[in-house]
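Participant: the following block contains a protein sequence and its predicted model.
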Amino acid sequence: MTGTSGARRRPAARQPVSRILRVTGPLVELEYTSGIAMYDLVSIGPAGLPGEVVAISGDVVTVQAYEYTGGLAPGQPALPQGHPLSVRLGPSLLGGIFDGLLRPLSGVGDWLLPGAQRAADQERTWFFSPSVVRGAQVTEGQSLGEIGDAGPVRVKVLVPPGTEGTVEEIAGAGHRTRDMPAAVVGGTEVGVDALWPVRRPRPVRERVDSHEGLNTGQRVIDLLFPVARGSTVAVPGGFGTGKTMLLQQIAKWCDADVIVYVGCGERGNEMADVITELAELQDPRTGGRLADRTVTIANTSNMPMMAREASVHTGVTVAEYFRDMGLDVVVIADSTSRWAEALREFASRTGALPAEEGYPAGLASAIAAFYERAAAVSTLGGDQGSVTVIGAVSPPGGDMTEPVTAHTERFVRCLWTLDRELAYARHYPAVSWAGSFSRDVPVLAARHRTTGDPVWARRRERVGAVLAEADRLADLVELIGIAALPSPERVSVLAGRLVREGVLQQSALSERDAYCAPEKTAALADAVLAVAERCRELVGSGIPATSVEEVDFGPLLRAREDTGPHDAAGVVARRAAMLARLGEVRP
C-alpha cells in the first residue's frame, strides 16, 4: 500500500469495521471504534463511498460523504482507512480530467459511478529513466529518475518527504506500471505514483521572495496589475462580467509550466467548453496540445456538493506535486464562492453557529489557508518552483461587500475587479483600473529595471494617470458635454479613449490579439502616450481641440489587431505614422 508520504510501507493492520447509525444527506453517523481519528478517510456502505471524519462526540462519529448517499441505511458497514483523505499523484495527471477527489472522469462514461475506479490506470506503463545508481546516498526531494513519455513536461520521480539513505535498488530504464517500485531507498519502496493528503501542504526547504513576473498575455493585467510567480490573485465580478473567459485566457496563454484548472461548482456546459477548447488549442511552447500540460478538475454544480469543498485542496496539492519538480504552476479556481457555499451548507448541517450571511465563523481562516499554499519556494531537492493561485469570486448581485469577497481581498496580493459597466459596453477584459490593485508592483518594477526595461514603472504610472484624469472628467462630460470643456481637458478625454481602446481592450477571438507579448504591450502603451503628448503640444500651441479630435486615430487603435502578438516593430511604425499625421494638423 502506498503511504501518504509517497513511499510504500508495510500494510497497516486492518481497521475494525464500524456500523452506520444514521444518514442525513451527505452526513453519515457511525458508531465509534478505536483507531478512528479526525479527518480520517472512511469507506461507507457496500459500495465503499468515500467519506471524511469531521466530528467525534462520545460513541458517535460524524462522517462527511463525498458522493450521493442514496441507498445507505443504518446497520450497513463502514470501514475506517486509517489515513486522511489523500489523492494519487503521478504522470497520468497531465492531460487528464478528474473530479474533486482526483478520480478520472474520462473513460468511465458521462458520470462517475459511486465507488468506481478506472482499472486502465492500473495497467498503464510509463518509461522510467534512472538518474542515480545503486549505492548512492540520497535525501528527501532528490530526483531518482524521470518519466520519459508523460508529455511535454519532464515528470520526475522524487525521494518522498521524510525518506533518505542509501539507494538499495534502482530500476533500469524501461516501462513500469504505477504499482511497480522504481527504487528502494533506506528500506522504503518508491514508486512512479504517490499518495498525499490534500489538506497537508507538501514540505519545502524554504519559501523565497519571487522577483519573476507571470506573463499572462493580457495587456491590462501585465501593464497595470501584474502578478509575480508564487503570488495570489482574486478576480471578483458579477454575473456576465467575463470571469470565466478571462481565466480561460490566462490558462491558455500564461507562461507557466503546468496549469491546474479547478472548475468548482460552475455550470457543466461552461466546463465542457473549457475542456473542448484546451483540447483544440495549440501549445505555443511545444506545438502540441495545450491540454497535455494541463490538469483539469471538474467538480461542477451537478456533482456532489461536499466533494466541491475538497476540490480546491486537491487542485493545490496537484500543483505542489509539480512545483516540487522545479516547475512553475498556476492554479485557477473558478469559483471560490461556490466552494464557500459548500462550506456554508456543511456548517448548517452540522449545527455550527452561523456568522455573516450564514457562512461559518471559520470562513476567513479557510480562505486564508487556501491562498497561503501559494508560494515561490526552494524545494527539498534544491530546485526553484512556484505555485500561483488565481481564484474567481462570484458575489451575489455584484455586492463586493459580501463576506467571501471581503475576506478574500484581505489575503490576496492582487485584485482584478471586473466592472459590470465595462462588460456591458463590450470592453473586454472588463478589469476595472479604478477598483483593482497589485501589491507585486514594487518588486516587479525592480526586476524590470535590471532586465532591460527601466521605464516600465514610469510607463505604468503614466497610463494610470491618463485613465484617472479621463475618469475624473467623464461625469462632467455627461453633464455639460465635451464641447464645453477647455482644450487641455478635451485632450485628456481623448487620451483616455486611446488608452482604453488602443491598449487595454483585447479580443479573445482574434488570433493576433488574444495574446500580447510584453514587448508589444510596452510598444502599444508608448505609442498611445506619445500620441497623447503630441496632442497636448498641439493644443498648447494654439491649435483648437476640434482640429485634433477630427484626426483619424483608427490606424493607431487598430494596431493591436493588425500586428502580430510579438510585432512590436509594427506598432512602432504605426506610432511614427500617427505622429507624422499629427504634424500636418493646422488650425
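Facilitator: It's in. Numbering: from 1, shown residues only.
Participant: can you give me the buried ones in stretch 146-161?
Facilitator: 146-147, 150-153, 155-161 (16 or more other Cβ atoms under 10 Å). (Each C-beta comes from the backbone N, C-alpha and C, glycine too.)
Participant: what kind of secondary structure is residue 168 in?
Facilitator: strand (DSSP: H, G, I helix; E, B strand; the rest coil).
Participant: what's around the closest residue to residue 364 other than its chain neighbours, how many residues?
Facilitator: The shortest distance from residue 364 to any non-neighbouring residue, by Cβ to Cβ, 6 or more residues apart in numbering, is to residue 407 (4.5 Å). For residue 407, the count of nearby residues is 20 (other Cβ atoms under 10 Å).
Participant: quick one: residue 407 and residue 365, what's the gap?
Facilitator: To residue 365, residue 407 is 9 Å away according to Cβ to Cβ, to the nearest Å.
Participant: so for the residue nearest to residue 364, what's the pLDDT?
Facilitator: On pLDDT, residue 407 comes in at 96.
Participant: now do the contacts for it.
Facilitator: By Cβ atoms under 8 Å, 6 or more residues apart in numbering, the residues touching residue 407 are 363, 364, 367, 368.
Participant: out of the residues you listed, flag the one nearest to residue 402.
Facilitator: Distance to residue 402, by Cβ to Cβ, is smallest for residue 363 among these, at 11.0 Å.
Participant: residue 366: neighbour count?
Facilitator: Around residue 366 there are 17 residues (other Cβ under 10 Å).
Participant: so what's the gap between stretch 81-88 and the chain middle?
Facilitator: 24 Å (Cα atoms, centre = their mean, to the nearest Å).
Participant: roughly how far does residue 206 sit from residue 151?
Facilitator: As for residue 206, its distance to residue 151 is 30 Å (criterion: Cβ to Cβ).
Participant: now residue 142
Facilitator: Distance from residue 142 to residue 151, by Cβ to Cβ: 23 Å.
Participant: ok, what's across the strand from residue 295?
Facilitator: Residue 295 forms beta bridges with residue 260, as assigned by DSSP bridges.
Participant: and the residue positioned nearest the centre of the chain, what element?
Facilitator: Per Cα atoms, centre = their mean, the C-alpha nearest to the average position across the chain is that of residue 332, at 2.0 Å. Under the criterion of DSSP states H and E, residue 332 resides in strand 328-334.
Participant: any of the contacts of residue 407 buried? List them.
Facilitator: Buried among the contacts of residue 407 by 16+ other Cβ under 10 Å: 363, 364, 367.
Participant: nearest to residue 541, of those?
Facilitator: Nearest member of those to residue 541, counting by Cβ to Cβ, is residue 367, at 55.1 Å.
Participant: which SSE is the closest residue to the closest one other than its chain neighbours in?
Facilitator: In space, residue 367 comes closest to residue 407 once its chain neighbours are excluded; the distance is 5.1 Å by Cβ to Cβ, 6+ apart. Using DSSP H and E, residue 407 maps to helix 403-411.
Participant: flag every buried residue along that helix.
Facilitator: So, applying 16+ other Cβ under 10 Å, buried residues of helix 403-411: 403, 404, 405, 406, 407, 408.
Participant: how far is the longest helix along the chain from where the chain is centred?
Facilitator: If you go by DSSP state H, the chain has its longest helix at helix 456-480. Helix 456-480 has its C-alpha centroid displaced from the chain centroid by 31 Å (Cα atoms, centre = their mean).
Participant: tell me what the following helix or strand past it is packed against?
Facilitator: From helix 456-480 onward toward the C-terminus, using DSSP H and E, the following helix or strand is helix 487-499. Counting contacts by 3 or more Cβ pairs under 8 Å, 6 or more residues apart in numbering; DSSP states H and E, helix 487-499 is packed against helix 456-480, helix 518-540, helix 545-549.
Participant: domain parsing of this protein, as residue ranges.
Facilitator: 7-85, 118-197, 207-439, 456-582 (automatic domain parsing).
Participant: TSV for these, including distance to residue 95?
Facilitator: What follows is the domains of the chain, written out as TSV (distance: least, Cβ to Cβ, whole Å):
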stretch	distance to residue 95
domain 7-85	24
domain 118-197	6
domain 207-439	5
domain 456-582	21
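Participant: most neighbours per residue, which of those?
Facilitator: Mean neighbours per residue, mean count of other Cβ atoms under 10 Å, is largest over the domains of the chain for domain 207-439, with a mean of 21.
Participant: could you report the separation of residue 233 from residue 293?
Facilitator: Taking Cβ to Cβ, one finds residue 233 at 20 Å from residue 293.
Participant: no, scratch that, I was asking about residue 485
Facilitator: 52 Å.
Participant: hmm, residue 97 is touching residue 103, no?
Facilitator: No. Using Cβ atoms under 8 Å, residue 97 makes no contact with residue 103, being 10.3 Å away.
Participant: leaving out chain neighbours, which residue sits closest to residue 19?
Facilitator: residue 31 (5.1 Å).
Participant: next, give phi and psi for that neighbour.
Facilitator: Backbone torsions of residue 31, given as degrees, to the nearest 10, read phi -80, psi 140.
Participant: equivalent analysis for residue 389, please.
Facilitator: phi -110, psi 130.
Participant: which non-adjacent residue is nearest it?
Facilitator: residue 374 (4.0 Å).
Participant: again, but for residue 490
Facilitator: Spatial nearest neighbour of residue 490, chain neighbours left out: residue 545 (4.1 Å); criterion: Cβ to Cβ, 6+ apart.
Participant: and residue 25, by the same measure?
Facilitator: Once flanking residues are discounted, residue 25 sits nearest to residue 349: 6.3 Å by Cβ to Cβ, 6+ apart.
Participant: so what's the model's average confidence on the helix or strand hosting that neighbour?
Facilitator: In this assignment (DSSP H and E), residue 349 forms part of helix 336-350. The average of the pLDDT scores along helix 336-350 is 89.
Participant: how far out from the middle of the chain is it?
Facilitator: 21 Å.
Participant: helices or strands next to that helix in the packing?
Facilitator: Looks like helix 336-350 contacts strand 49-57, strand 258-264, helix 305-323, helix 363-372, strand 384-393, helix 403-411 (3+ Cβ pairs under 8 Å, 6+ apart).
Participant: how far off helix 305-323 does the fourth one point, in degrees?
Facilitator: In other words, helix 363-372. 30 degrees (axes from the mean of the first three to the mean of the last three Cα atoms, to 10 degrees).
Participant: tell me the span between the first and last residue of stretch 84-95.
Facilitator: Across its full length, stretch 84-95 reaches 26 Å between end residues, using Cα to Cα, to the nearest Å.
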